[in-house]
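K.L.:
what's the 3D shape of this:
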Amino acid sequence: MDDGSKKILILGASGFLGHAIYKELCNYFDTYGTYNSARRSFEGNKQFFKYNMEEDDVHEILEKVRPKVIVSAVRGNFASQIVAHRHLVEYVKENDCCLYFLSSANVFDAYSKYPSYEHDKTLSESVYGRLKIKIENMLLRLPQKKMGILRIPMVFGNSSPRVKDIKKYIWDNAPVEVFPNLVLNVTNDDKLTQQIHYLINRNKRGIFHLGSNDLVHHEDFTKEIVERIGDFTPIYKRVFTTNDERYLAVLPRDNKLPKNLQFSYQDIIDHHVMR
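P.N.:
Numbering: from 1, shown residues only. Model prediction:
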């Protein structure tokens, strides 16, 4: 065990990213998770608590676990997410504890002309982006030593929902949607969970942009991923939301991670070949 004193609670540990984070941390820390999906594998696991955000009060789990670190990777009903995070922030304020929140590049989706950096002002045109901003603003009212805002770009990776969808479209002969004008940075579950492990281990707090340190067009990236999946010639449906290039990219300027935790979009593509 790396640090027995760090008891960690991951909210949403049955989801794709939450579960990846749990698997990354559980061998090093005393790690607990919540699940909502009725997956048998969690029911008998003493480290997991059933938590239905719309019906259960998160305080009950916090009192049982008494975590030093909370990682919120929870998904679901937006109104319930806001209430749950209000309760989390109250708990963190009153206890010796810090909260890491998985946010999104979408908090900047109204600024489409440039990539975004940690201290740029957030502004979103999407309901999802506005939800993330609302929760970020709750965390920003905490002392910095008690919070981490982790802004994440599009997540790929072999078992990610995005790549699973692409595979399904290919096999069903359905068109794969690409956004030719969209410029983004990317990540996968492996890179992201290593970065989060580092932040927790080193007690890093503040705002972090966790994605590749370079940019790529969505169309080019998707086509390269498809090439790695196999020898297919899928139908591409090119979706133009604007005639101009549009950025949805979160790059680090102030809070850069060590070199060994930085990566390029090509690393994410190459990862598909390795497995």
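K.L.:
For the stretch 151-275 of the chain, which segments count as helices?
P.N.:
161-171, 189-201, 218-229, 265-274 (DSSP state H, counting those that start in this stretch).
K.L.:
what's the offset of the shortest one from the middle of its chain?
P.N.:
If I follow you right, that is helix 265-274. 19 Å (Cα atoms, centre = their mean, to the nearest Å).
K.L.:
So which bits of it are buried?
P.N.:
Applying a neighbour-count criterion of 16 or more other Cβ atoms under 10 Å, one finds 265, 267-269, 271-272 buried in helix 265-274. Every C-beta, even on glycine, is put in place using the N, C-alpha and C of the backbone.
K.L.:
Turn the residues you listed into JSON lines, columns for pLDDT.
P.N.:
Shown next, in JSON lines, are these (pLDDT from 0 to 100):
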{"residue": "Tyr265", "pLDDT": "97"}
{"residue": "Asp267", "pLDDT": "96"}
{"residue": "Ile268", "pLDDT": "96"}
{"residue": "Ile269", "pLDDT": "95"}
{"residue": "His271", "pLDDT": "85"}
{"residue": "His272", "pLDDT": "67"}
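K.L.:
Closest one of those to Lys23?
P.N.:
Closest approach to Lys23 among the buried residues of helix 265-274 (Cβ to Cβ): His271, at 16.4 Å.
K.L.:
Skip the chain neighbours and tell me the closest residue to the closest one.
P.N.:
Leaving aside its sequence neighbours, His271 sits nearest to Asn188 (Cβ to Cβ, 6 or more residues apart in numbering; 5.9 Å).
K.L.:
and stretch 107-116, average pLDDT?
P.N.:
Stretch 107-116 carries an average pLDDT of 94.
K.L.:
could you pull out the strands for this structure?
P.N.:
7-11, 30-35, 48-50, 69-72, 98-104, 147-152, 154-156, 176-178, 182-184, 186-188, 206-209, 216-217, 236-238, 246-248 (DSSP state E).
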